[in-house]
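> could you work out the structure for the sequence below:
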Amino acid sequence: MKPTRFETTIALIDKKNSEDINTYQVFGLDYPKELLYSQRMSRKLLQFNPNASRALQIAARAQHICRWKIARNDYPMDRVGYLKWRETLKKMHAELTAEILNHVGYDSQFIDRVSLLINKKLIKKNEESQVLEDTICLVFLDYYFEEFAAKHDDEKLIDILKKTWVKMSDKGHEAALQLNFSEKSLSLIKQAID
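Model (predicted):
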């Protein structure tokens, strides 16, 4: 049976992300970093919102497509440089995904919808944009926070947790508090949200 447009899109996103030269180790196995991230995004999205639309599922999968191609140190190592880097990345992610969607035959209206989501437009105003933001935050908290926390002091971590919490919806907060944290991380989260 021929794969659907959606299945082909996911496969093409995965193909691009499997080219990541950076690896991340899980259970002793090395995975291309952004391929693993994108699969975690898809899994977390469907746990959080089982009825997610195809557009939202594609945006989640393509959130970091080819992220390694634009290095953080190509930009000044300050807040302004960081924000410029993030904006450039979002634009690239949206453009690469639009090319794939166009290639497999999606119409321009659908492509625009996915691009809006990848560009993180209308968070707090658009339900799907908010669900995607919640998913991004949940993936960070579930899979990456403990490792991140080991490299930073408590003050910085509490600040980052506060910023993360503000981006999330009430439903996102509920889901976050169900995650399995170490005692130390849970303590930091409680300090951040009090």
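
> which residue of this structure lies farthest from its centroid?
Ranked by distance from the centre of the chain (C-alpha atoms, centre = their mean), the top residue is residue 1, with 31.1 Å.

> now the strands for this protein?
Remark: strands assigned in the chain by DSSP state E are 23-26, 29-32.

> deepest of those, which one?
strand 29-32 (a mean of 14; mean count of other C-beta atoms under 10 Å). For every residue, glycine as well, the C-beta is placed using N, CA and C.

> so what touches that one?
The contact list for strand 29-32 (C-beta atoms under 8 Å, 6 or more residues apart in numbering) reads 17, 18, 19, 20, 21, 22, 23, 24, 25.

> sort out which one of those residues lies nearest residue 123 for me.
In terms of C-beta to C-beta, no member of the contacts of strand 29-32 lies closer to residue 123 than residue 17, at 23.6 Å.

> residue contacts, the residue minimising distance to the centre of the chain?
The chain has residue 136 as the residue nearest its centroid, 4.0 Å off, counting by C-alpha atoms, centre = their mean. By C-beta under 8 Å, 6+ apart, the contact set of residue 136 is 41, 63.

> before we move on, back to that, with distance to residue 120 and pLDDT added, can I get the contacts of strand 29-32 in CSV?
Shown next, in CSV, are the contacts of strand 29-32 (distance: C-beta to C-beta, whole Å; pLDDT from 0 to 100):
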residue, distance to residue 120, pLDDT
17, 19, 98
18, 24, 97
19, 24, 97
20, 21, 97
21, 26, 93
22, 23, 95
23, 27, 94
24, 23, 91
25, 29, 90
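
> of those residues, which pair is most distant in space?
Among those, 19 and 25 lie farthest apart (C-beta to C-beta), at 18.2 Å.

> quick one: low-confidence ranges for the chain?
Along the chain, segments meeting pLDDT under 70 span 124.

> how about the helices in it?
Here the chain has its helices, by DSSP state H, at 5-17, 33-48, 54-61, 79-104, 108-118, 127-139, 145-149, 154-167, 170-177, 183-193.

> show me what the fourth one is packed against.
Pointing back at helix 79-104 there. helix 5-17, helix 54-61, helix 108-118 (3 or more C-beta pairs under 8 Å, 6 or more residues apart in numbering; DSSP states H and E).

> pull the CA atoms of stretch 56-67 into CSV?
Taking Å, rounded to 0.1, in the frame of the first residue of the first chain, the C-alpha atoms of stretch 56-67 are listed here in CSV:
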residue,chain,number,x,y,z
LEU,A,56,0.3,20.2,14.4
GLN,A,57,1.9,16.8,14.2
ILE,A,58,4.0,17.9,11.3
ALA,A,59,5.0,21.1,13.0
ALA,A,60,6.0,19.2,16.1
ARG,A,61,8.1,16.7,14.1
ALA,A,62,9.8,19.5,12.1
GLN,A,63,10.4,21.8,15.1
HIS,A,64,14.2,21.4,14.9
ILE,A,65,14.6,20.2,11.3
CYS,A,66,18.3,20.5,10.4
ARG,A,67,19.0,22.7,13.4
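
> understood, closing this out.
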